[in-house]
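*Asks:* compute the structure for the input listed below.
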Amino acid sequence: MRMVALYWVNYGPYHVARGRAVRALFAARGVHVRLLEGASVERAYPWSRADDALPIETLFPGETYETLRAGRVRQALSRWLAKNKPHGVAVPGYGVEGRAVARWARQEGKVAVLMSESRYHDLPRWRIREWVKSLIVSAFDAALVGGTAQADYLAGLGMTRERIFVGYSVVDNDYFARCSQQEAHKGEARRRELGLPAKYFLLVSRFIAVKNIPEFLEAYSRYRAVAKRRAWAVVICGSGPLEHAVRRAIGRLAIEPCAYLPGFKNYEELPAYYGFASCLVLPSVRDTWGLVVNEAMACGLPVLVSQRCGCCGDLVRDAVNGFTFDPRDREGMAQRLLHMSLGGVDLRGMGAASERIIEPWSPRRFAESLWHAFEAGREVAGARSRWGWMDPAIWV
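*Replies:* Numbering: from 1, shown residues only. Predicted structure coming up:
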């Protein structure tokens, strides 16, 4: 039986759902999948493991990824590959792990699949840096990307369209739909137990600069000045280094009675907050995708999403399941909040549209797309020169 490996820095709930789907689909087609992670903990995402029964191998058990030196990670991953000899490896990004996998695959005649959510407009792009990145991309045999904009960016870096597959950025839709409905059906007693208002905009976010929460609160304050007593509250689930700045903004704007900060919520806690929400808002000034949009749509919510988020082009349809907005335009954001809450919008119809749109973006799609990426990569690897490992691209 063939064997392939699926690597992430750390397996959180999203990765567990994808890994489970990949293992099931690949096993049905005669391929065994090994799930591999770098470290037991990733400081940037302090999530708990949703499924301990899944066999996940850890290169650095008990350690935090951010404390590891790049050389240690590269050596440990290279040793694992040399020992286990998978027929192919899927790895996210262009960093140390991606380059190590590409180099090993070229040397051994195996398949390297790049997983990516990057878009051209995510960051300022410098010609030399993009040229170097194109060399790295050329060392991979195929790619699995988030959506349309991500596919366009990778094609711009030189990978042929026939080897780029869409479906990386997915969540466990069934889990969020089922659990949020269960919570909502518990009714008012459950809502009061959670300390939630009757109507509210929901943000689920790390408290970091690119998430743009203080700027959003400025827009929310303007919205309340117009909507007055009819205004919805805002609930912001999350934590991070800018939490004090967020709390200061709430105090300065005098919106404490209607701004709720319940803190960081683990995977199993989130469905309750989606289940009672009226609308999701994601105001990021930079976001490669925005998986909270997937989650909210699976829970049947309309969405208000920044135009800077990578999911916009694929998931948000203006006036169908929500609206997009310029995250630097406070007045524009405030108008979107007014329109959603007081503009006669069919919230139930928008929520149903969200469910229809997100249905194909499932872990099953991730598994199918990864399968096609490995198959396309096999054709490329099979035609590659036996001296391909000498290509300078993989030594960048």
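
*Asks:* what's the domain layout of the chain?
*Replies:* 2-170+362-395, 173-358 (automatic domain parsing).

*Asks:* remind me which residues of the protein are low pLDDT?
*Replies:* For the chain, the stretches with pLDDT under 70 are 1, 49-52, 385-396.

*Asks:* where is the longest strand in it?
*Replies:* Criterion DSSP state E: the longest strand present in the chain is strand 31-41.

*Asks:* partners of that one, with directions?
*Replies:* When pairs are called by DSSP bridges, strand 31-41 turns out to pair with strand 2-8 (parallel), strand 56-64 (parallel).

*Asks:* identify the residue nearest the geometric centre of the protein.
*Replies:* Leu291 (4.2 Å; C-alpha atoms, centre = their mean).

*Asks:* from what I can see that one touches Tyr14, true?
*Replies:* Yes: using C-beta atoms under 8 Å, Leu291 is in contact with Tyr14, at 6.3 Å. (Each C-beta comes from the backbone N, C-alpha and C, glycine too.)

*Asks:* overlap in contacts of the two?
*Replies:* Shared contacts of Leu291 and Tyr14 (C-beta atoms under 8 Å, 6 or more residues apart in numbering): Val171.

*Asks:* other residues contacting stretch 95-105?
*Replies:* Here stretch 95-105 makes contact (C-beta under 8 Å, 6+ apart) with 7, 9, 38, 70, 73-74, 77-78, 81-82, 88-89, 91-92, 110-112, 114, 136, 139-141, 381, 389, 394-396.

*Asks:* for PyMOL, write the selection for the buried entries among the residues you listed.
*Replies:* Command for PyMOL that selects the buried part of the contacts of stretch 95-105, burial taken from 16 or more other C-beta atoms under 10 Å:
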select buried, resi 7+9+38+73+74+77+81+88+89+91+92+110+111+112+114+136+139+140+141+381+389+394+396
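
*Asks:* that's a strand at Leu144, yeah?
*Replies:* Yes: Leu144: assigned to a strand according to DSSP: H, G, I helix; E, B strand; the rest coil.

*Asks:* list the contacts of the residue lying closest to His87 once chain neighbours are set aside.
*Replies:* Distances taken as C-beta to C-beta, 6 or more residues apart in numbering put Arg2 closest to His87, at 4.8 Å, once the chain neighbours are dropped. By C-beta under 8 Å, 6+ apart, Arg2 lies in contact with Gly30, Val31, His32, His87.

*Asks:* okay, and the beta partners of Arg2?
*Replies:* Counting by DSSP bridges, Arg2 forms beta bridges with Val31.

*Asks:* distance of Arg191 relative to Val235?
*Replies:* Distance, Arg191 to Val235, by C-beta to C-beta, to the nearest Å: 11 Å.

*Asks:* neighbour count: those two, which is higher?
*Replies:* Per other C-beta atoms under 10 Å, whichever of Arg191 and Val235 has more neighbours is Val235, with 23 against 17.

*Asks:* bridged to that one, which residues?
*Replies:* With DSSP bridges as the rule, Val235 is bridged to Leu202, Tyr260.

*Asks:* what do you get for Trp8?
*Replies:* Trp8 forms beta bridges with Glu37, as assigned by DSSP bridges.

*Asks:* wait, it sits on Tyr45?
*Replies:* No: using C-beta under 8 Å, Trp8 is not in contact with Tyr45, being 10.7 Å away.

*Asks:* neighbour-wise, which of the two wins?
*Replies:* Between Trp8 and Tyr45, counted using other C-beta under 10 Å, the more crowded position is Trp8 (23 against 13).

*Asks:* residues in contact with the residue nearest to the centre of the chain?
*Replies:* Tyr14, Ser169, Val171.

*Asks:* hmm, try it at 10 Å
*Replies:* Shown in contact with Leu291 (C-beta atoms under 10 Å, 6 or more residues apart in numbering): Tyr14, Glu117, Gly146, Ser169, Val170, Val171, Val204, Leu282, Cys311.
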